[in-house]
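A.B. asks: got a sequence here, can you build the structure:
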Amino acid sequence: MKEVSNNDSTTNSESENVGKEITNNKRSPESEPSDSNIDYNLKAESFEGTLQQGELEKVVQFDPSHALMEGKMIELTKDIPQYKEWTPEWLPKDVCGNDDRAEILNTNVAPWRWICQLLMKFPNGNFIGTGWLIGPRTVMTAGHCIYDSRRGGGWAQSIEVIPGMLRGQAKPYGSQVSKDLRTIDKWVNEENEEYDYGAIILPNNHFGNTLGYFGFTNLSDTQLQDLLVNNSGYPGDKPFGTQWYNGGRITQIKQNKVYYMLDSKGGQSGSPIWRNQNNQRLAIGIHAYGGCPNSATRINREKFNQMLSWRNV
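C.D. replies: Here you go, the predicted model:
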């Protein structure tokens, strides 16, 4: 397995377990992963960012959501009709039982500002998705948000990344457009759902350095069993630009997948599945599929190493 990218130059892996990365123009030399002596609990820590804005005191009857955004200079989307035409990415996501998703009304704080609305231009149409910052200039997402041969027509031509987007087409931190996309050959060549993950490399490191980013980890089967996890993203069945949260337990574990009953809809592919523990928000999967249970691409050692190489671009 190797990395694939739509850039002219491909970053080669330094680890035998990273696999083969692919750009959309050029392949890197092959290196076969090793499945022996797999280590768990590798951690890439989260980062809170350097956004200096002070904190409000916690008062029981005071709702801070309005105060946090009041008076803040917020960029709005300039071509609203274009964005309204964007349709959710095409793989089904499901609400499992009662729909208890909650809207995130304040993306001024972590981790909500680390989660990004994606506006993806493909040869065959324009779609919405979700991504999340994992480094100074790296956004993690699903592989099918980057490359899809069936409905998308191949590689995304460009992706606009909007951290912490809010209701009303608001871009609290602006946006960046990227054409530097990375995924794995097993996704591009086979569209194997066990390898449905990829990364967007931003033009500069402003978002990650100021807003912060998620960490990630590869947990063992025992650690994942019944683990309480979180998810938040930009579903297409809700008003455009609104972020929605849900949480629950891991219900099933496979070598390359994890399953859960967290509610989601189309547009949420690529969003993080994360554990919040000891003041560290560490992703354990990349949400990609529905079916109740819904499922994510599991971050095992091989994927951890590949993500670490993308973080360090």
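
A.B. asks: flag the shaky bits of this structure, pLDDT-wise.
C.D. replies: 7-19, 23-38, 52-57, 61, 63-93, 168 (pLDDT under 70).

A.B. asks: in it, which helix has the most residues?
C.D. replies: The longest helix of the chain (DSSP state H) is helix 301-311.

A.B. asks: can you name every helix or strand that that one contacts?
C.D. replies: Here helix 301-311 touches strand 42-44, strand 138-141, strand 198-201, strand 215-218, going by 3 or more C-beta pairs under 8 Å, 6 or more residues apart in numbering; DSSP states H and E. C-beta coordinates here come from the backbone N, C-alpha and C atoms, glycine included.

A.B. asks: out of those strands, nearest to Ile128?
C.D. replies: strand 138-141 (11.5 Å; C-beta to C-beta).

A.B. asks: show me what that closest one is packed against.
C.D. replies: strand 115-122, strand 125-133, strand 198-201, strand 280-289, helix 301-311.

A.B. asks: centre-most residue in this protein?
C.D. replies: Closest to where the C-alpha atoms of the chain average out (C-alpha atoms, centre = their mean) is Gly131, at 3.0 Å.

A.B. asks: distance-wise, check that one relative to Gly291.
C.D. replies: 22 Å (C-beta to C-beta, to the nearest Å).

A.B. asks: and for Gly152?
C.D. replies: 21 Å.

A.B. asks: so which of those two has more stuff around it?
C.D. replies: The residue with more neighbours, out of Gly152 and Gly291, is Gly152; 23 against 11, by other C-beta atoms under 10 Å.

A.B. asks: tell me the SS of the more buried one?
C.D. replies: Secondary structure state of Gly152, per DSSP: H, G, I helix; E, B strand; the rest coil, is coil.

A.B. asks: got it, and the one 10 residues further on?
C.D. replies: Secondary structure state of Ile162, per three-state DSSP, is strand.

A.B. asks: so Ser295, which state does it fall into?
C.D. replies: Strictly by three-state DSSP, Ser295 counts as strand.

A.B. asks: list the beta-bridge partners for it.
C.D. replies: Beta-bridge pairing of Ser295 under DSSP bridges involves Tyr259, Tyr289.

A.B. asks: so it is in contact with Met261, correct?
C.D. replies: No: Ser295 lies out of contact with Met261 (C-beta atoms under 8 Å); the separation is 10.5 Å.

A.B. asks: which of these two has more neighbours?
C.D. replies: Remark: of Ser295 and Met261, Ser295 carries more neighbours, 23 against 16, as counted by other C-beta under 10 Å.

A.B. asks: okay then, goodbye and thanks.
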